[in-house]
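Participant: Need a 3D model of the sequence below.
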Amino acid sequence: MLDYDLEAAHYDQTRGGVARARAAAGAVLELMPGDCAALVDVACGTGIVTELLTAPGRTVIGVDMSAGMLALARPRLAGRGTAVRGDATRLPVASRSVDAVTFMWLLHLVDEPVVAAAITEAARVLRPGGVMVTTVDKNSAQFETAGDVRDILRAARRELAPPPSDGMELVRDLATAAGLEPAGTAGYLGHGQGRSPREWARRVREEIPWTRRADPRRVAEICDALEALPEQDARRVDPEYRLAAFRLGG
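Facilitator: Residues are numbered from 1 along each chain as shown. Just a heads-up that it's a prediction; the model follows:
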């Protein structure tokens, strides 16, 4: 996993910046209760999305494990919310005390037991009728956007990658086990996340965990196919990400 203390300084610029944050926050707000008075944004990072979830009369708490990220989040939330250090599986929040818990760009980074623990913890802190909102199939979106790159990478991912820890079916099953029921979905454009064939070939060789573990001959085949595509430096279409909401009954 990345060292997010080191990533903090350039994280926003390399993740779509304000445009992506606005799109993500808009999708979250579609799924939140209209009368949400207290929200916890787990793995809030630099707070670029968290600050867009603030509203008059709403308590917003950003939680993150990275001191570097929190150093950027705190000034963003000053006067409108707070950012504290904490773990998704042990939130520094009382039981049944908030109306919404959000996981933006988190569950795909951790393994299934941590996903299960984080969802159970979200259910603990939610009031009856409150919602958990999370990205699902986050990395899958990169490989499902229609186009020539998708046609190569989707097949390779299905062949080589393990099941995603944030897959919609898995998250739904874990949420159900924690007492949460499906409450809707929304989508948003991943501004700045479309990549060129040349960049994808570099990532396949150097960065993607499941290709780094694969047979080098298979990796070479994938890269050769990517490097044979036209317009090698032209960014392809930005992916569409998906959010799912789950409500606590009672």
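Participant: for the protein, which spans come out with low pLDDT?
Facilitator: Low-confidence segments of the chain, defined by pLDDT under 70: 1-16.
Participant: Determine which residue lies closest to the centroid of it.
Facilitator: Trp105 (1.5 Å; CA atoms, centre = their mean).
Participant: Now that one. Its backbone dihedrals?
Facilitator: phi 60, psi 40 (degrees, to the nearest 10).
Participant: That one and Arg172, how far apart?
Facilitator: 19 Å (CB to CB, to the nearest Å). Quick note: C-beta positions are derived from backbone N, CA and C, even for glycine.
Participant: Buried ones in stretch 172-179, by neighbour count?
Facilitator: Across stretch 172-179, burial judged by 16 or more other CB atoms under 10 Å covers Arg172, Leu174, Ala175, Ala178, Gly179.
Participant: Over to stretch 130-150?
Facilitator: 130-143, 145, 149-150.
Participant: which of the buried residues of stretch 172-179 lies closest to Glu207?
Facilitator: Nearest to Glu207 among those: Leu174, at 27.7 Å, using CB to CB.
Participant: by contact count, what packs against the helix or strand harbouring that closest one?
Facilitator: Under the criterion of DSSP states H and E, Leu174 resides in helix 168-177. Here helix 168-177 touches helix 112-125, strand 126-136, strand 180-189, strand 240-248, going by 3 or more CB pairs under 8 Å, 6 or more residues apart in numbering; DSSP states H and E.
Participant: report the angle between the axes of the longest one and strand 240-248?
Facilitator: Okay, so that is helix 112-125. If you take axes from the mean of the first three to the mean of the last three CA atoms, to 10 degrees, helix 112-125 sits at 50 degrees to strand 240-248.
Participant: and helix 112-125, how far out from the chain's middle?
Facilitator: 15 Å (CA atoms, centre = their mean, to the nearest Å).
Participant: and that helix, which residues are buried?
Facilitator: Val114, Val115, Ala116, Ala117, Ala118, Ile119, Thr120, Glu121, Ala122, Ala123, Arg124, Val125.
Participant: Run the angle between that helix and strand 126-136 for me.
Facilitator: 150 degrees.
Participant: List the residues that contact Ala225.
Facilitator: Going by CB atoms under 8 Å, 6 or more residues apart in numbering, Ala225 touches Ile152.
Participant: That one: what secondary structure?
Facilitator: helix (DSSP: H, G, I helix; E, B strand; the rest coil).
Participant: distance of it from Val60?
Facilitator: Distance from Ala225 to Val60, by CB to CB: 45 Å.
Participant: again with Gly68
Facilitator: Counting by CB to CB, the gap from Gly68 to Val60 is 20 Å.
Participant: of the two, who's got more company?
Facilitator: Val60 (25 against 18; other CB atoms under 10 Å).
Participant: can you give me the strands in the chain?
Facilitator: For the chain, the strands defined by DSSP state E occupy 38-42, 59-64, 82-85, 98-103, 126-136, 180-189, 240-248.
Participant: mind giving me CSV with those and columns for distance to Glu199?
Facilitator: Shown next, in CSV, are those (distance: least, CB to CB, whole Å):
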stretch, distance to Glu199
strand 38-42, 30
strand 59-64, 28
strand 82-85, 32
strand 98-103, 27
strand 126-136, 22
strand 180-189, 19
strand 240-248, 19
